[in-house]
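[1] When you get a sec, could you give me coordinates for this:
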Amino acid sequence: MNIDNERNLKILKMRYGISPYKIPMTFEAIGNEVNLSKERVRAIIEKMHKQIKKEFVKRETTIKYDIENNKTYQKK
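    Here you go, the predicted model:
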């Protein structure tokens, strides 16, 4: 999966308390940290959710196709 850029990855980590951030942060707190409005932070996180969901659906479809067609699925 390709995350747009380092800032968006940082925002996602802040939102969910992923290392190095210890606790989940609010949109407002994240916005203050990265100089964005809380609405812009919310929009970025929503976009990231869509990207992640799209990637999972793509991988799930690939796995189903491989199973249905008796193909071997290998992790990359």
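[2] Check the secondary structure at residue 18 for me.
    coil (DSSP: H, G, I helix; E, B strand; the rest coil).
[3] roughly how far apart are the closest residue to it other than its chain neighbours and residue 34?
    Excluding the flanking residues, the one nearest residue 18 by Cβ to Cβ, 6 or more residues apart in numbering is residue 12, at 7.3 Å. The way it works is simple: take the backbone N, C-alpha and C, and place the C-beta from them, glycine included. Distance, residue 12 to residue 34, by Cβ to Cβ, to the nearest Å: 12 Å.
[4] neighbour count winner among these two?
    A count of neighbours by other Cβ atoms under 10 Å puts residue 12 above the other of residue 12 and residue 34, at 17 against 14.
[5] so the more buried one touches residue 45, yeah?
    Yes - at 6.6 Å, residue 12 counts as touching residue 45 under the criterion of Cβ atoms under 8 Å.
[6] May I see the buried residues of the helix or strand that contains residue 61?
    Element membership for residue 61 (DSSP states H and E) is helix 38-68. Across helix 38-68, burial judged by 16 or more other Cβ atoms under 10 Å covers 41-42, 44-45, 48.
[7] Can I get these in CSV including distance to residue 28 and pLDDT?
    Converted to CSV, the buried residues of helix 38-68 look like this (distance: Cβ to Cβ, whole Å; pLDDT from 0 to 100):
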residue, distance to residue 28, pLDDT
41, 8, 97
42, 10, 97
44, 14, 94
45, 13, 94
48, 18, 89
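[8] Going by distance to residue 5, which of the residues you listed wins?
    Closest approach between the buried residues of helix 38-68 and residue 5, by Cβ to Cβ: residue 44, at 10.1 Å.
[9] give me every residue that touches that closest one.
    Going by Cβ atoms under 8 Å, 6 or more residues apart in numbering, residue 44 touches 8, 11, 36.
[10] need those in a markdown table with secondary structure and pLDDT, can you?
    Output for these, formatted as a markdown table (DSSP: H, G, I helix; E, B strand; the rest coil; pLDDT from 0 to 100):
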| residue | secondary structure | pLDDT |
| --- | --- | --- |
| 8 | helix | 91 |
| 11 | helix | 95 |
| 36 | coil | 96 |
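[11] Format the CA atom coordinates belonging to stretch 41-58 as CSV.
    Once non-C-alpha atoms are left out, stretch 41-58 reads as follows in CSV (Å, rounded to 0.1, in the frame of the first residue of the first chain):
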residue,chain,number,x,y,z
VAL,A,41,-7.4,16.4,9.3
ARG,A,42,-10.7,14.6,9.2
ALA,A,43,-10.8,14.7,5.4
ILE,A,44,-7.2,13.3,5.2
ILE,A,45,-8.1,10.5,7.6
GLU,A,46,-11.3,9.7,5.6
LYS,A,47,-9.2,9.6,2.4
MET,A,48,-6.7,7.2,4.1
HIS,A,49,-9.5,5.0,5.2
LYS,A,50,-10.7,4.7,1.6
GLN,A,51,-7.2,3.9,0.4
ILE,A,52,-6.8,1.2,3.0
LYS,A,53,-10.3,-0.3,2.2
LYS,A,54,-9.5,-0.3,-1.5
GLU,A,55,-6.3,-2.1,-0.9
PHE,A,56,-7.9,-4.8,1.2
VAL,A,57,-10.7,-5.3,-1.3
LYS,A,58,-8.1,-5.6,-4.1
